[in-house]
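*Asks:* any chance you can model this:
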Amino acid sequence: MNAASKKKDSHSSPVESELREDDAEAAFPAGATLCQKCNTNATIIMDGCATCLNCGYSKCG
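*Replies:* Below you'll find the model as predicted:
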């Protein structure tokens with residue numbers, strides 16, 4: 001790998017990671033709330049329980 005390739009790869013990695021995080025947030029319903037376990041806005045009420053669509057954490061109440 002030459003120096004130009006290394007420079008391009010190092011520049012694009014943080015941007016690609018940032019875009020992936022934004023895409024993941026957009027994949028969950030607009031009304032989803034913050035999960036206590038994974039800190040993602042992906043918790044919804046499903047079958048009477050608060051359930052995270054990202055990590056699966058569930059708190060029934």
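
*Asks:* strands of the chain, start to end?
*Replies:* 33-34, 41-46, 49-52, 58-60 (DSSP state E).

*Asks:* select, out of these, the one closest to Ala27.
*Replies:* Ranking these by proximity to Ala27 (CB to CB) places strand 41-46 first, at 8.3 Å. All C-beta atoms are positioned from the backbone trio N, CA, C, and that covers glycine.

*Asks:* the closest one - what's its average pLDDT?
*Replies:* For strand 41-46, mean pLDDT is 96.

*Asks:* as PDB, could you dump the C-alpha coordinates of that strand?
*Replies:* Taking C-alpha atoms only, strand 41-46 is exported to PDB below (Å, rounded to 0.1, in the frame of the first residue of the first chain):
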ATOM      1  CA  ASN A  41     -32.400   5.400  20.900                       C
ATOM      2  CA  ALA A  42     -34.000   2.000  20.100                       C
ATOM      3  CA  THR A  43     -36.300   1.200  23.000                       C
ATOM      4  CA  ILE A  44     -40.000   0.700  22.300                       C
ATOM      5  CA  ILE A  45     -43.000  -0.800  24.100                       C
ATOM      6  CA  MET A  46     -43.600  -4.200  22.800                       C
END
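
*Asks:* what's that strand in contact with?
*Replies:* 25, 28-29, 31-35, 50-55, 57 (CB atoms under 8 Å, 6 or more residues apart in numbering).
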